[in-house]
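S.K.: mind looking at a prediction? Sequence and model below.
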Amino acid sequence: MPNTLVVFVHGFLSSGESFRRFPEDLLERVNRNTNSTRAFFDTLAYNYSTTGSNDQRVIEFVRFLEERSRSYAQVVLIGHSMGGVLALDAVRRCHPNSDYNRHEGHEQGIDGLYRGAGSPLQQKIHLVISVDSPFFGLHPHVIAVSGARRVGNAINWVSDRFGSAVQSRSAYEDTYSSQETSSSSRSSGWGLLGLAAVATVAVGAAAAYALSSSTRSVQADEDERAAAPGIGHAEFLSPLWNIANMAPRFEDLNNLPIEFHGFYLAVSEFGSSNRSTSLKNFVQIPPDPYRHYFQEIDIQARDEIEAHMGIFRSEFDSAAYYHLLTAVARIIADVL
């Protein structure tokens, strides 16, 4: 029996099925890299609701990992999009000396979890891999341009889940196509962060809508329909505008026994002849102090959202898919 468990963590409004054949292809590639025919690890997809308190989702994930990893010596976490943020925060939550646990409200552990002793997982999880995860927020272009186009196509789907959080394509575009903040926005009571929350929820929903129906489980769809509209999803996405926690998340990597590798997508439009002037990103590029943790994956798509949701489809951009697959397999083979 393998002594390593590789857990795949999906992103916003998605499910474990969004990884498609990547887990199986990864195992095959690791075996090839190590000249072995035996399975080096087991794989498991973690399905969860992407609504409500983000910190509560972290705690639930830690408890899930403790339960499911009992028979394994080590655990590897691979997260896509918000799943990467959740994965890294879960590992930090396991270590009592992390900035996450020193933060106000976490000193004794929310609901008494660990109270300074740490989780037994801190002895098992030493590797976290993220794919196009918005550790430093979404790129403004996604919200202002690509997201607006997508919201127009997804508006009925979005409204079904968020109700009044997103009213119309024109309202969305009016708010976010300009860099200036209107007086009505400033006096709305939401403020800039509230408007950013609505914008991010709308873009995330549009991205989820872009997924093929075959990648969303029926249960995940039912769970999201039952979730509190709009604000609950904004709560889950709070790390995207919690600026104060962005740098500490990576400062912890200097002090904790965690190996982290991140990938972000550099998107060029199909048929673009001048790659250097056409690159776009779904996520904000990590700042220089933390750039060394990340690798860039070139991918071609109509826009950033399509690339973000298509990276695990081998038929979408096979070169990008196999570039990512090879890189992740090499990292895991080194750990094993």
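M.R.: Ah, there it is.
S.K.: please count neighbours and contacts with C-alpha atoms only from this point.
M.R.: Fine.
S.K.: do a quick rundown of the strands in the protein.
M.R.: 4-9, 42-46, 74-80, 125-131, 259-269, 294-301 (DSSP state E).
S.K.: need those strands in JSON lines (columns: mean neighbour count and mean pLDDT).
M.R.: Listed next are the strands of the chain as JSON lines, based on neighbours: other C-alpha atoms under 10 Å; pLDDT from 0 to 100:
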{"stretch": "strand 4-9", "mean neighbour count": "24", "mean pLDDT": "96"}
{"stretch": "strand 42-46", "mean neighbour count": "17", "mean pLDDT": "96"}
{"stretch": "strand 74-80", "mean neighbour count": "25", "mean pLDDT": "97"}
{"stretch": "strand 125-131", "mean neighbour count": "23", "mean pLDDT": "95"}
{"stretch": "strand 259-269", "mean neighbour count": "21", "mean pLDDT": "95"}
{"stretch": "strand 294-301", "mean neighbour count": "20", "mean pLDDT": "95"}
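S.K.: of the ones you listed, which approaches G16 most closely?
M.R.: strand 42-46 (5.1 Å; C-alpha to C-alpha).
S.K.: just the C-alpha atoms of that closest one, please, in PDB.
M.R.: In PDB, the C-alpha atoms belonging to strand 42-46 read as follows (Å, rounded to 0.1, in the frame of the first residue of the first chain):
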ATOM      1  CA  ASP A  42      -3.000   7.300  -3.600                       C
ATOM      2  CA  THR A  43      -5.100  10.200  -4.800                       C
ATOM      3  CA  LEU A  44      -8.200  11.700  -3.300                       C
ATOM      4  CA  ALA A  45     -10.400  14.700  -4.300                       C
ATOM      5  CA  TYR A  46     -11.700  16.900  -1.600                       C
END
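S.K.: how about residues contacting it?
M.R.: 2, 4-10, 15-17, 23 (C-alpha atoms under 8 Å, 6 or more residues apart in numbering).
S.K.: of the residues you listed, closest to L138?
M.R.: Comparing the contacts of strand 42-46 against L138 with C-alpha to C-alpha places H10 closest, at 16.9 Å.
S.K.: so what's that closest one closest to, chain neighbours aside?
M.R.: G83 (5.0 Å; C-alpha to C-alpha, 6 or more residues apart in numbering).
S.K.: again, but for L237
M.R.: N54 (7.1 Å).
S.K.: count of residues packed around that neighbour?
M.R.: 20 (other C-alpha atoms under 10 Å).
S.K.: low-confidence regions, the stretch 151-300 of the chain specifically.
M.R.: Along the stretch 151-300 of the chain, the model assigns pLDDT under 70 to residues 151-231, 271-278.
S.K.: same thing but 50
M.R.: By pLDDT under 50, the weakly predicted segments of the stretch 151-300 of the chain are 151-159, 161-196, 198, 212-219, 221-229.
S.K.: how about the strands of the chain in TSV, adding distance to I332?
M.R.: As requested, the strands of the chain are exported to TSV (distance: least, C-alpha to C-alpha, whole Å):
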stretch	distance to I332
strand 4-9	9
strand 42-46	13
strand 74-80	8
strand 125-131	8
strand 259-269	10
strand 294-301	15
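S.K.: closest one to P286 among those?
M.R.: strand 294-301 (7.9 Å).
S.K.: could you give the angle of that closest one to strand 125-131?
M.R.: Put simply, strand 294-301 runs at 30 degrees to strand 125-131, going by axes from the mean of the first three to the mean of the last three C-alpha atoms, to 10 degrees.
S.K.: packing partners of strand 294-301?
M.R.: When contacts are defined as 3 or more C-alpha pairs under 8 Å, 6 or more residues apart in numbering; DSSP states H and E, strand 294-301 packs onto strand 259-269, helix 304-310, helix 318-335.
S.K.: switch to 6 Å and redo it
M.R.: On a contact count with 3 or more C-alpha pairs under 6 Å, 6 or more residues apart in numbering; DSSP states H and E, strand 294-301 meets strand 259-269.
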